[in-house]
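*Asks:* here is a sequence with its predicted model. Questions after.
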Amino acid sequence: MRVLGIETSCDETGLAIYDTQAGLLAEALHSQVDLHAAYGGVVPELASRDHIRRLLPLLEQVLAEAKLDRRDLDGIAYTAGPGLAGALMVGAAFGRSLAWALGIPALGVHHMEGHLLAPMLEPEPPAFPFIALLVSGGHTQLVDVTGVGCYRMLGESLDDAAGEAFDKTAKLLGLPYPGGPELARLAESGDPTRFRFPRPMTDRPGLDFSFSGLKTRVLTEVQKFGETMDAATRADIARGFEEAVVETLAIKCERALQEHGRTRLVIAGGVSANKRLRKDLETRLKKIGAGVFYARPALCTDNGAMIAYAGACRLAAGEQSDLDIGTRARWPLDSLPAIEPVA
Ligand code: KG4
Ligand code: ZN
């Protein structure tokens, strides 16, 4: 089964074609970073309009790359939520209409399920069951995963998501949008011992997170220096912040694995592209005989391939959406129906 995946939940237009036999056939992405940079963050109305402009050319691009015609598609999967309402609506209207015109099934996919399953597109995918750490701009969740659609929420952020904390802290340090990767780059040259920020909620039991206080601590440091802050201090603060977030996430991941008797951890979502997080988890989990799985960086951040894959799993199992063009800005991951994996 050949499935076209369409991602338009935020500021990237991502399209891909996944074949349940042959794997990923083509993918294309247009990032709106330049469009939103001047505003220091995503402007929803501009995002929706840009998705409209990009979808058709990107469709032609992935079809050409896969050497396929529209009529060779067997199903269409689009991100139906969570995300920006208008942006979601563009992808859903495009995907649902194209499927109707072609007489093939369409399915609205949960964006975080897309992230969660993205490591399945790698040469050595994780076997079920595993614990997943979902870390994106809008979510920080620990999930026990026993199959596609079999998700039990173990913990989540009570306030800011990890990616949001990276982005807000980057802004405090005067870094351009999108801040997460920029902050990680700056942190590379920073001294890890000069600033020690708290590891929130690690000293008490449980698997929930809280990152908003950390951002405030960084703000206090930044204000102490004011105009006199030099480049080295900025890098040291960035490093101290990154170390704090990474260690906090890693402590909770290790705790989740041990408390639930799992030996595999999957990390997914934009922040899972963070090198220090990957390295810290690898070292830490090796000591307890557990392994960590993640996707290549381009499949950690928003992309069409993860939507095509998650959609293919469900469409191949006979699931499909009706003719309504439905989206959900809020949508609990653990409310999804369970299905068997395709392969
Ligand atoms: O999954 P994603 O692309 O979009 C959402 O679904 O939100 O995640 C984007 C988030 C942003 O907050 C971005 O700053 C963060 O992931 N991010 C990173 C890195 N790359 C992306 N954070 C830390 N280190 C990175 N290398
Ligand atoms: Zn995402």
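*Replies:* Yep, it's here. Treat the numbers as computed from the prediction; the structure is a model and nothing was measured. Ligands and ions are numbered 1, 2, ... in the order given.
*Asks:* tell me the spacing between the most centrally placed residue in the chain and ligand 2.
*Replies:* Nearest residue to the geometric centre of the chain (Cα atoms, centre = their mean): Gly269, 2.3 Å. Distance of Gly269 to ligand 2, computed by Cβ to the ion, to the nearest Å: 6 Å. Heads up, the C-betas are built off the backbone N, CA and C, glycines and all.
*Asks:* likewise Ile267?
*Replies:* Per Cβ to the ion, Ile267 is found 13 Å from ligand 2.
*Asks:* kindly state the beta-bridge partners for that residue.
*Replies:* Leu133 (DSSP bridges).
*Asks:* for the residue of the stretch 1-150 of the chain found nearest ligand 2, which non-adjacent residue is spatially closest?
*Replies:* Nearest to ligand 2, among the residues of the stretch 1-150 of the chain, is Ser136, at 4.3 Å (Cβ to the ion). Leaving aside its chain neighbours, Ser136 sits nearest to Gly269 (3.5 Å; criterion: Cβ to Cβ, 6 or more residues apart in numbering).
*Asks:* that neighbour against Val135, yeah?
*Replies:* Yes - using Cβ atoms under 8 Å, Gly269 makes contact with Val135 at a distance of 4.6 Å.
*Asks:* list residues touching both of those two?
*Replies:* Gly163 (Cβ atoms under 8 Å, 6 or more residues apart in numbering).
*Asks:* give me the neighbour count for the closest residue to Asn274 other than its chain neighbours.
*Replies:* Distances taken as Cβ to Cβ, 6+ apart place Ala184 nearest to Asn274, at 5.7 Å, with adjacent residues excluded. Neighbour count for Ala184, taken as other Cβ atoms under 10 Å: 21.
*Asks:* outside of the helix or strand containing Ala184, which residues touch it?
*Replies:* Assigned by DSSP states H and E, Ala184 belongs to helix 179-187. Helix 179-187 is contacted by residues 137, 163, 166-171, 173, 175-176, 234-235, 238-239, 241-242, 270-271, 273-276 when judged by Cβ under 8 Å, 6+ apart.
*Asks:* in PyMOL, select just the buried ones from these.
*Replies:* Provided next is the PyMOL selection string for whichever of these are buried by 16 or more other Cβ atoms under 10 Å:
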select buried, resi 137+163+166+167+168+169+170+171+173+175+234+235+238+239+241+242+270+271+273+274+276
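*Asks:* show me the contacts of helix 179-187 that map onto helices.
*Replies:* 163, 166-171, 234-235, 238-239, 241-242, 275-276 (DSSP state H).
*Asks:* hang on, Leu35 packs against Asp50?
*Replies:* Yes - Leu35 lies in contact with Asp50 (Cβ under 8 Å); the separation is 5.8 Å.
*Asks:* compare neighbour counts for these two and give me the winner.
*Replies:* Asp50 (21 against 16).
*Asks:* pretty sure that one contacts His36?
*Replies:* No - here Asp50 lies out of contact with His36, judged by Cβ under 8 Å, at a distance of 9.2 Å.
*Asks:* residues from the stretch 51-200 of the chain in reach of ligand 2?
*Replies:* Contact residues (Cβ under 5 Å from the ion) of the stretch 51-200 of the chain with ligand 2: Ser136.
*Asks:* if we use 8 Å, what do you get?
*Replies:* Taking Cβ under 8 Å from the ion as the contact definition, the stretch 51-200 of the chain meets ligand 2 at 111-112, 114-115, 136-139.
*Asks:* immediately after the helix holding Ala184, which helix or strand?
*Replies:* Next along from helix 179-187, by DSSP H and E: helix 212-225.
*Asks:* low pLDDT regions in the stretch 101-250 of the chain?
*Replies:* Judged by pLDDT under 70, the stretch 101-250 of the chain has no weakly predicted residues.
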